[in-house]
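**Student:** build me a model from this:
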Amino acid sequence: MLVKGNFRTIVELPKYVDVNEWLAFNTFEFFNHINLFYGSISDFCTPQSCPCMSAGSGVEYTWVDASSKKIKLCAPQYIDYMASSIQNMLNDETLFPTKTGRDFPRDFPQLVKRIFSQLFRLIAHMYHHHYDKIVALSEEPHLNSLTAHFISFAKDFDLLEKKEIQPLQELVDIMFKTGIIS
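**Tutor:** Okay, the predicted model is just below:
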């Protein structure tokens, strides 16, 4: 870990800050940090090395296309679709308003949950399929800190379902036991 101690103080909603503003800001930040981290190992995530988007044995993710059809994609293609989709949402003023006086959509927390679910899938994929490269690059403290921060925030704002966390449950349990996540 790069960060010592508990992430609680940096994830809780600051006094006088609107909860949707806090969710929007952190969603943007987590997307950028996770995307940046993936970029450091993306050369190792190829259609040959990762023919499907997964997070360990028995956990395969499918992409839902525009016509609501589930399709299997290699991990790099899935991640590209996911990143483009999230970037488009973040740039959409009707979903993530940046101008004063514009309201967040009523279903904004559900939108953030969907984004967090996708970002978690990327984190889980990196741990399960690229951890050896992450260790070789001495990046594991960065990934562990990023993951602990992400999970802490998601837990505080109920952004991930328990079943979604299952591929990294062992790691999350260790983080809880050691007090990194509360």
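**Student:** only C-alpha atoms for contact and neighbour calcs from this point on.
**Tutor:** Noted.
**Student:** could you pull out the buried residues of the biggest helix by length in the chain?
**Tutor:** Using DSSP state H, we find that the single longest helix of the chain is helix 108-136. Neighbour-count burial for helix 108-136 flags 109, 111-113, 115-131, 133-134 (criterion: 16 or more other C-alpha atoms under 10 Å).
**Student:** please apply the same query to stretch 22-32.
**Tutor:** Those would be 23, 24, 26, 27, 28, 30, 31, for stretch 22-32 by 16+ other C-alpha under 10 Å.
**Student:** in the protein, which spans are strands?
**Tutor:** With strands called from DSSP state E, the chain shows them at 63-64, 70-71.
**Student:** deepest of the ones you listed, which one?
**Tutor:** Highest mean neighbour count among the strands of the chain (mean count of other C-alpha atoms under 10 Å): strand 63-64, with a mean of 14.
**Student:** low pLDDT regions in this protein?
**Tutor:** Applying pLDDT under 70 to the chain picks out residues 1-5.
**Student:** residue contacts, the residue most central in space within the chain?
**Tutor:** Centrality entry for the chain: nearest residue to the mean C-alpha point is residue 119, 2.4 Å, by C-alpha atoms, centre = their mean. Applying C-alpha atoms under 8 Å, 6 or more residues apart in numbering to residue 119 gives the contacts 31, 34.
**Student:** give me the distance between it and residue 48.
**Tutor:** Residue 119 sits at a distance of 22 Å from residue 48 (criterion: C-alpha to C-alpha, to the nearest Å).
**Student:** ok, now residue 170?
**Tutor:** Residue 170 is 28 Å from residue 48, by C-alpha to C-alpha.
**Student:** then residue 121?
**Tutor:** 19 Å.
**Student:** also residue 72?
**Tutor:** Taken as C-alpha to C-alpha, the spacing of residue 72 relative to residue 48 amounts to 14 Å.
**Student:** what ranges do the helices span in the protein?
**Tutor:** 8-11, 19-41, 75-91, 108-136, 140-156, 162-165, 169-177.
**Student:** no further questions, thank you.
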